[in-house]
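1. need a structure here:
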Amino acid sequence: MIQEKYIVLIDDEHDVVEAVSEMLELEGFVVTAFTDPKKALRSLTNTSRSVVLCDVRMPSVDGLTLLSSIQHRAPQVPVLLMSGHGDIPMAIEAMKLGAFDFIEKPLNPDEVIAKLDLAQLQALQTLASSQSQEPTDSAAIETVIIGQSKAMETIRKQVLALANTGVDTIINGETGTGKEVVARALHQFSRRQTKPFVAINCGGMTESIIESELFGHEAGSFTSANKRRIGKIEQANGGTLFLDEIESMPIAVQIKLLRVIQERVIERVGGNELIPVDIVVVAASKADLAALSDTGEFRSDLFYRLNIASLNLPPLRQRKEDIQSLFRHFVGQASQKYKTRPSTIYSEQIQQLSRHEWPGNVRELRNVADRFVLGIVGDGFDLQTPIQDASETEFAFEKQMEQYERNVLTEALIESAGNINDVSSKLNLPRKTLYRKMKKHHLDKDDFKVT
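-> Numbering: from 1, shown residues only. This is a model prediction of the structure:
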């Protein structure tokens, strides 16, 4: 189930309210519009899940006064301000006082949608934080495991179903597909959420190092062991132990880990005391553990003991409809991290992202988002800002509507992987009309097919 996006739109001009409402509703937002800011304020409560988009200057109230009133009535609601050029100083002052952002008029549809998506994400994260006592909140999990594809919807359901069972789990997936994100979600949405989540990467460690890291050691157990050290397994007591790249774990350590999983006790290196541990083990592998166990490269008894449940993460190239939501999310994170204003994302850039095969998966997409926000060129795939004519920056109403129509078509083609029947049904357009509009905007369905 896709989380609905609620917008409270406030502007004293009826024409603006109608045009912006239509634009946002076509984009999938649920819009409640007001020309009276006092009525809009009364509609908000401390449980509202909305984002407010309002004009800075209205006859009965200015942006700073309205912002203050919203913050007192519904402090968790993000507020975006629409400002004419002359009102930008007021909008900047409002941001200092806690407004999420401002958007300069005349409105650029791409910029409006991008910033509303970021504000909606903040609203959901605030809601998830305030409802942390409800770990199975499906709305909250959509802010953790992001994606609109059927594959990711299935993953979210599986995580919520598994989280409170307390069973050990294997997460399978290529490098960069988000295995640790899913592991953390299994912990976050379980009854163990207040206990430790302890992660260790098994790759590149010698047998002695990983044994000491996992089990800890007693003072004097080897030359440099000057004092007792608590291992990762013991640190995770009561919570979740995440073993990344478990396929790299030496066989001798696998044998000792098997005993821990079977008996839930450990012995520190150099010690004789049996220490009970209460843990859930989540292991991740980019290799086929079943095949490795068949060839003796991985202990088959450990594999079967861990593989009570398994989650299989698809590579990003197989779920390209998730690229847009992931990229917008990463751009938002990068903007907060580097303290920059959220960058405007154009439909042509989303189309460019969708054509890439993403060998580094979600991790590579995150890196591209960071470079996009910083405006730098790095190794690998780089997103180039589309070049626009000077005349296009004027954003006349007709030009905005043409651009918006192209954006809607582009995003529907991306989500449907170029399937014309799906696009026609999604947009409720006859195929003949759809083809005519695609030709008008120079869009080819083959450019959107997933290969």
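
2. Ser424 touches Lys432, doesn't it?
-> No. In this structure Ser424 lies outside contact range of Lys432 using CB atoms under 8 Å: 9.5 Å. C-beta coordinates here come from the backbone N, C-alpha and C atoms, glycine included.

3. more crowded one of these two?
-> Ser424 (18 against 9; other CB atoms under 10 Å).

4. what do Ser424 and Lys432 both touch?
-> Among the neighbours of Ser424, none is also in contact with Lys432 (CB atoms under 8 Å, 6 or more residues apart in numbering).

5. The residue nearest to the spatial centre of the chain and Leu24: what is the separation?
-> Residue closest to the mean C-alpha point of the chain, counted by CA atoms, centre = their mean, is Ile146 at 4.0 Å. If you measure Ile146 against Leu24 using CB to CB, to the nearest Å, the figure is 21 Å.

6. cool, and Ile308?
-> 45 Å.

7. Between the two, tell me which one has more neighbours.
-> Between Ile308 and Leu24, counted using other CB under 10 Å, Leu24 has the larger neighbour count: 21 against 15.

8. Now do the more buried one against Val282, distance only.
-> Leu24 is 39 Å from Val282, by CB to CB.

9. can you check Thr194 too?
-> Taking CB to CB, one finds Thr194 at 17 Å from Val282.

10. out of the two, which sits in the more crowded spot?
-> Legend: neighbour count by other CB under 10 Å for Thr194 and Val282, higher for Val282 (29 against 10).

11. quick one: the more buried one is in a strand?
-> Yes. Counting by DSSP: H, G, I helix; E, B strand; the rest coil, Val282 is part of a strand.

12. What sits closest to Ser69 if chain neighbours are left out?
-> Leu41 (5.5 Å; CB to CB, 6 or more residues apart in numbering).

13. Give me the below-cutoff pLDDT ranges for the stretch 351-451 of the chain.
-> 377-382, 384-400, 450-451 (pLDDT under 70).

14. Then the chain?
-> Checking the chain against pLDDT under 70 turns up 1-4, 85, 124-139, 220-226, 342-343, 377-382, 384-400, 450-451.

15. quick one, helices of the stretch 101-250 of the chain?
-> 109-130, 138-141, 150-163, 179-188, 207-215, 232-235 (DSSP state H, counting those that start in this stretch).

16. Could you dump these into a markdown table with mean neighbour count added?
-> Formatted as a markdown table, these follow (neighbours: other CB atoms under 10 Å):
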| stretch | mean neighbour count |
| --- | --- |
| helix 109-130 | 20 |
| helix 138-141 | 18 |
| helix 150-163 | 18 |
| helix 179-188 | 21 |
| helix 207-215 | 19 |
| helix 232-235 | 20 |
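
17. of all those helices, which lies closest to Tyr404?
-> helix 109-130 (4.4 Å; CB to CB).

18. Domain boundaries for this protein, per the record?
-> Here the domain parsing of the chain from automatic domain parsing is 1-135, 150-316.

19. Now render the ones you listed as TSV, adding distance to Gln351.
-> Listed next are the domains of the chain as TSV, based on distance: least, CB to CB, whole Å:
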stretch	distance to Gln351
domain 1-135	12
domain 150-316	16
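
20. for those domains, which one sits closest to Arg328?
-> domain 1-135 (5.1 Å).

21. centre of the chain versus the closest one, how much separation?
-> Between the centre of domain 1-135 and the centre of its chain there are 21 Å (CA atoms, centre = their mean, to the nearest Å).

22. Who does Ser83 form a beta bridge with?
-> Beta-bridge partners recorded for Ser83 (DSSP bridges): Glu104.

23. separation between it and Leu67?
-> 12 Å.

24. Those two - which one has more neighbours?
-> Ranked by neighbour count (other CB under 10 Å), Ser83 and Leu67 place Leu67 first, with 23 against 20.

25. how about the more buried one, secondary structure?
-> helix.

26. measure it to Ser21 for me?
-> 21 Å.

27. what's around Asn361, how many residues?
-> Residues lying near Asn361 (other CB under 10 Å) number 19.

28. Look up the closest residue to it, ignoring the ones flanking it.
-> Gly176 (3.5 Å).

29. thinking the one you found is in contact with Leu326, fair?
-> No. Here Gly176 lies out of contact with Leu326, judged by CB under 8 Å, at a distance of 11.8 Å.

30. what do those two both touch?
-> 316, 362.

31. still on that earlier bit, closest one to Gln333 among the helices of the stretch 101-250 of the chain?
-> Taking the helices of the stretch 101-250 of the chain one by one with CB to CB, helix 109-130 is closest: 9.2 Å.

32. For the closest residue to Met438 other than its chain neighbours, give its distance to Ala74.
-> Leaving out its chain neighbours, the residue that sits closest to Met438 by CB to CB, 6+ apart is Leu409, at 6.3 Å. Leu409 is 36 Å from Ala74, where distance means CB to CB.

33. Also Glu405?
-> 34 Å.

34. Look at those two and report which has more neighbours.
-> Between Glu405 and Ala74, Ala74 has the larger neighbour count (other CB under 10 Å), namely 20 against 15.

35. mind listing what the more buried one touches?
-> 44-46, 48 are the contacts of Ala74 under CB under 8 Å, 6+ apart.

36. Using PDB, write out the CA atom coordinates for the one helix or strand Ile261 maps to.
-> According to DSSP states H and E, Ile261 maps onto helix 251-263. What follows is helix 251-263, C-alpha atoms only, in PDB (Å, rounded to 0.1, in the frame of the first residue of the first chain):
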ATOM      1  CA  ILE A 251      35.100 -22.300   8.300                       C
ATOM      2  CA  ALA A 252      36.600 -22.700  11.800                       C
ATOM      3  CA  VAL A 253      34.600 -19.600  13.000                       C
ATOM      4  CA  GLN A 254      31.500 -20.900  11.300                       C
ATOM      5  CA  ILE A 255      31.700 -24.000  13.600                       C
ATOM      6  CA  LYS A 256      31.800 -21.900  16.700                       C
ATOM      7  CA  LEU A 257      29.000 -19.600  15.500                       C
ATOM      8  CA  LEU A 258      26.800 -22.700  14.900                       C
ATOM      9  CA  ARG A 259      27.200 -23.600  18.600                       C
ATOM     10  CA  VAL A 260      26.100 -20.100  19.600                       C
ATOM     11  CA  ILE A 261      23.000 -20.300  17.400                       C
ATOM     12  CA  GLN A 262      22.100 -23.700  18.600                       C
ATOM     13  CA  GLU A 263      22.800 -23.200  22.300                       C
END
